Structures are given as structure tokens and as C-alpha cells.
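>>> Pasting the sequence and the predicted model now:
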Amino acid sequence: DAGITQSPRHKVTETGTPVTLRCHQTENHRYMYWYRQDPGHGLRLIHYSYGVKDTDKGEVSDGYSVSRSKTEDFLLTLESATSSQTSVYFCAISESTSRGDTQYFGPGTRLTVL
Amino acid sequence: QQQVKQSPQSLIVQKGGISIINCAYENTAFDYFPWYQQFPGKGPALLIAIRPDVSEKKEGRFTISFNKSAKQFSLHIMDSQPGDSATYFCAASNAGKSTFGDGTTLTVKP
């Protein structure tokens, strides 16, 4: 998985509780992304980062926040989890070059909100 | 607003057959078109990619055909094998951001 780890790998939580997912990379890539994957919806971008402390919203950012204080770590926080946020979350990294923007994905975190 | 449309949603092919998955995009600013392969319980992984200055790219049994004027590209898997059974995503990217199709679940029957 190209030097990308995600933690936790599985989590069950209750509605209304805060949840933080962590993505850690050892590749020193500039770009980091958080996606959610749901049946029939493919991969939808939640937030992404193009550098330390530089982040931007994706297409499904409502209810999520992110932080990147170090190149290697990108945190995704659900301030108050809802059942609609039950999903598989993937972190990805990329080093945009003249050859293209290949993204390398982590193993995923399966989150269940009861 | 879906910028990348992928079809079919699912595909069943006999071993040795040809699998074809199609994608269409809208934004002409996209300049990189990768295909990702995902096995159950794993993250997607790059399979093959193409840039818009070429019309075809082949790597082993996998070929991307690209039609810039039609804003369409497709993945062809020749001599499909049961081990190719997976979900395939097309994507279109520019300046560090990618937009993905909804995925195609391929089943290759022995």
C-alpha cells in the first residue's frame, strides 16, 4: 500500500460521538486525500491537502473536518457522527508530476455509526 | 454533477473473453486518465493510465483506448482470467485532483 497506513482499520461508534481517523504516509508526498466509498457511489472526495496546513473541501465535505500539521499525517474528524457517515474511508497520497497524478491508496477504515 | 460517467455497472465475462469498460468525461481540463483495480477489502491500486496526447496504451493484457474528441476512454482486458475479477474505476485528473467513475464490478467465470 505504498507506505500508507490508516488507523483504526475498523471502528464502531454511536451517533453523536466524535471520531478521528488517521492517515500516515512515509513517502513524503505533497498531496493527501480522504475519500469515502459507498455501494453505487464509487469514491467520493471528502477533503484533500496540498501541503502542511493547506486543505480544501471535496464534493462531500459536510460533517467532516481535516487537519494536516505534518507532511506525513492527515487527520479526518467527524465532529458528531451520524448513521449516514457509515462507510469505508480511504486515504490516498499523490505526488503530482508531469507524468500524471497517480494516487496511492491506503487499506481503508471501515466505520459503522449505530 | 457527475464529471466522469462509467459503464457498465457490472460485467460478467467467460474466461478467455474480452472485458470492456467505458468512461466519459466532461471537463476538457483533465490531463491524466488512470484506471484503478480494487479487490475486496483492499484499497484501489493503479492498473494503467494514459495521457490525452496518445490514443492507445497497452500493458500486457490491459489496453486503454482514448478518444479525445468524443471525451471518452475505455479499458479492454484481453484473455480475461478469474483473477481479474475485481472492481474497476476510471478516473480523470488535473492539478492534483481526481474525479472517479462509480466503478464496474467484473466477474470472470471459469
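Good, I have the coordinates.
>>> alpha carbons only for contacts and neighbour counts from here, please
OK.
>>> Name the nearest residue to the residue of chain B found nearest chain A, sequence neighbours excluded.
Scanning chain B for the residue nearest chain A gives residue B:102, at 4.0 Å (criterion: CA to the nearest CA). Leaving aside its chain neighbours, residue B:102 sits nearest to residue A:42 (4.0 Å; criterion: CA to CA, 6 or more residues apart in numbering or on different chains).
>>> ok, that neighbour - contacts?
By CA atoms under 8 Å, 6 or more residues apart in numbering or on different chains, the contact list for residue A:42 reads B:89, B:100-103.
>>> and if we set it to 7 Å?
Each residue near residue A:42 by CA atoms under 7 Å, 6 or more residues apart in numbering or on different chains is listed here: B:100-103.
>>> Each with direction, which strands does the least confident helix or strand in chain B by mean pLDDT pair with?
Of all helical and strand segments in chain B, the minimum by mean pLDDT, DSSP states H and E falls on strand B:97-100, at a mean of 88. Strand B:97-100 has the following strand partners under DSSP bridges: strand B:86-94 (antiparallel).
>>> What sits closest to residue 14 if chain neighbours are left out?
Just so you know, I chose chain A. Counting by CA to CA, 6+ apart, residue A:114 is the residue found nearest to residue A:14 once chain neighbours are left out, at 4.8 Å.
>>> wait, I meant chain B there
Residue nearest to residue B:14 in three dimensions, not counting chain neighbours: residue B:109, with 4.8 Å by CA to CA, 6+ apart.
>>> ditto for residue B:88
Spatial nearest neighbour of residue B:88, excluding adjacent residues (CA to CA, 6+ apart): residue B:37 at 4.7 Å.
>>> Tell me the residues of chain A that contact chain B?
Counting by CA under 7 Å from any CA of the partner chain, chain A comes close to chain B at A:40-43, A:96, A:100-101, A:104-108.
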